[in-house]
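S.K.: What shape does this take:
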Amino acid sequence: MGGGGDITPTSIPSSPSCSSEVPPEFAEYVAISPVCDDEASDECCDCDDAEVEALYFGRRLQDRLREAKDFIRRYKPGDCIEGAGGTKAGDYILPEIATLLLVGPRGAGKSTLVNRITRVFDKDDDPFAPDRAQVSRNSKSYGTLLLWEYPIPRNSTAICIYDTQSLSSNQQNNFKMLQQWMTKGISHAETTTCFSRDTDEGNKTKHIKPLGRQFSFLSCKTRKVNFVIFVVDGVSILDGIESNKKGYIDILHETFMYPFLSIGDDKPVVVVTHGDRLSMLQRAHVQNELAEVLGIPVQQIFDIPGSDDYQTDLAILDMLRYCIQHAEQNLPIKLNYLLEVRGRETLKNAAERLMALDAVIEATIIFLCIMILLLRFSDKLLQL
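M.R.: Sure thing, here's the model as predicted:
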């Protein structure tokens, strides 16, 4: 069961100079035309400047997409910190699989985002593969009721995303649920016990048994959350801005600032969904409003609509890379390495102190020598 809205993939047409999507009329050039570096060559005169620009732009975009996909496909926990600051990946406590947690209110599009992320890789692996997360189609749906693990890509053993139960209107229940996930870990097919039974969510979930416990043959490991993806609905945010009803935005702010959602000093990355229902100007307005309300840079906010195009694919890959890099920055250091580092620092400090002491002793000896010479000189003057 999914918690996102019904989004039909669409493409937003725009000029080659301002969009990452390659225009259809130039797709053939991007696929088969050779790049000609010799401006004087006759072979480069078969197309006008716009076609050359589209060809160059399309190839550059495809190179970026290929590089970003390769990074995700090759990634293993510890890759981003290997060699950073003179450390090795083995100096850290590495997770078996980098775990990213989706958090957001009902209808934000978490399950739709899972499918959209998966589709980026399915284009190469299996274009006809079905969607993985079930998306709710109406406002009465309860959305995702169980924590559900999705490897990214499908066959990955290094990265997974957890689709979660939507946040409710009761913030105290939300905080209790989030604290449980962030401190005790999450497990595939588990349900939360944090909702009270007199709420709609509690009545819906109280009879559901965690599949991992119901069937002993299912091996569901408890995973520590390595980073959080905070999913918000761009349409609801814009409605709140235009109507001056900030209830939705205030709930987002209060939840986003909840300390347990932060990993170290890093607050969650923010994904704005449903942007395909808004104009480019409205999408920019939503991002700027979120940056101000949440107190984060715009670079930490990723606009990922339901559109199926190159620009959206690249935004998804950039978001995943951001999450992985920041997750690894906060991995705990092994005790023996910490003691080794502290030991080196202690020896260094001791050596610096000895060197400083040697300098003081040397200065004192020089001063005493000068004083002795002055006294002898004074004695000779008195004898004369």
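S.K.: So for the residue most central in space within the chain, what's the nearest residue that isn't a sequence neighbour?
M.R.: Nearest to the mean C-alpha position of the chain, counting by Cα atoms, centre = their mean, stands residue 323 at 2.1 Å. Nearest non-adjacent residue to residue 323, counting by Cβ to Cβ, 6 or more residues apart in numbering: residue 227, 4.6 Å away. Using the backbone N, CA and C atoms, a C-beta is placed for each residue, glycine as well.
S.K.: how far away is the one you found from residue 127?
M.R.: 29 Å (Cβ to Cβ, to the nearest Å).
S.K.: Looking at these two, which has the bigger crowd around it?
M.R.: Using other Cβ atoms under 10 Å as the criterion, residue 227 and residue 127 rank with residue 227 on top: 24 against 8.
S.K.: before we move on, could you check phi and psi at that one?
M.R.: Phi and psi for residue 227, reported as degrees, to the nearest 10, are phi -170, psi 160.
S.K.: residue ranges for the helices of the stretch 151-300 of the chain, please.
M.R.: 171-184, 200-205, 211-214, 234-243, 247-256, 280-294 (DSSP state H, counting those that start in this stretch).
S.K.: Residue 130 and residue 152: what is the separation?
M.R.: Per Cβ to Cβ, residue 130 is found 16 Å from residue 152.
S.K.: So if I had to pick from those two, which one is more boxed in?
M.R.: A count of neighbours by other Cβ under 10 Å puts residue 152 above the other of residue 130 and residue 152, at 22 against 8.
S.K.: got the contact list for the more buried one?
M.R.: Residues in contact with residue 152 (Cβ atoms under 8 Å, 6 or more residues apart in numbering) are 72, 117-118, 121, 159-161, 320.
S.K.: Can you tell me the closest non-neighbouring residue to it?
M.R.: Nearest to residue 152 is residue 159, by Cβ to Cβ, 6+ apart, at 4.8 Å.
S.K.: Surely the one you found touches residue 98?
M.R.: Yes - assessed by Cβ atoms under 8 Å, residue 159 is found in contact with residue 98 at 5.0 Å.
S.K.: Find the residues that touch each one of these two.
M.R.: Common contact partners of residue 159 and residue 98 (Cβ under 8 Å, 6+ apart): 75, 324.
S.K.: of these two, who's got more company?
M.R.: More crowded of residue 159 and residue 98, by other Cβ under 10 Å: residue 98, with 27 against 23.
S.K.: Contact partners for residue 98?
M.R.: Counting by Cβ under 8 Å, 6+ apart, the residues that residue 98 touches are 75, 77, 158-160, 226-227, 324, 327-328.
S.K.: That should have said residue 253, apologies.
M.R.: So residue 253 contacts 293-294 (Cβ under 8 Å, 6+ apart).
S.K.: how near is it to residue 245?
M.R.: Residue 253 is 14 Å from residue 245, by Cβ to Cβ.
S.K.: What of residue 313?
M.R.: Taken as Cβ to Cβ, the span from residue 313 to residue 245 is 34 Å.
S.K.: In terms of neighbours, single out the busier of the two.
M.R.: Counted by other Cβ under 10 Å, residue 313 and residue 245 do not tie: residue 313 has more neighbours, with 25 against 11.
S.K.: Tell me the buried residues in the helix or strand harbouring residue 324?
M.R.: For residue 324, the host element (DSSP states H and E) is helix 310-329. Using 16 or more other Cβ atoms under 10 Å as the test for burial, helix 310-329 gives 310-317, 319-320, 322-324, 326-328.
S.K.: And for stretch 113-133?
M.R.: For stretch 113-133, by 16+ other Cβ under 10 Å, it's 113-122, 132-133.
S.K.: Ok, stretch 260-269 next?
M.R.: Those would be 261-263, 266-269, for stretch 260-269 by 16+ other Cβ under 10 Å.
S.K.: how long is it from one end to the other?
M.R.: Distance between the two ends of stretch 260-269: 14 Å, counting by Cα to Cα, to the nearest Å.
S.K.: which residues touch it?
M.R.: Outside stretch 260-269, the residues that touch it by Cβ under 8 Å, 6+ apart are 103, 175, 178-179, 182-183, 225-230, 255-256, 294, 296, 300-302, 319, 322-323, 326-327, 329-330.
S.K.: could you redo the last one with a cut-off of 7 Å?
M.R.: Stretch 260-269 is touched from outside by 103, 178-179, 182-183, 226-230, 256, 296, 300, 302, 319, 322-323, 326-327, 330, with contacts defined as Cβ atoms under 7 Å, 6 or more residues apart in numbering.
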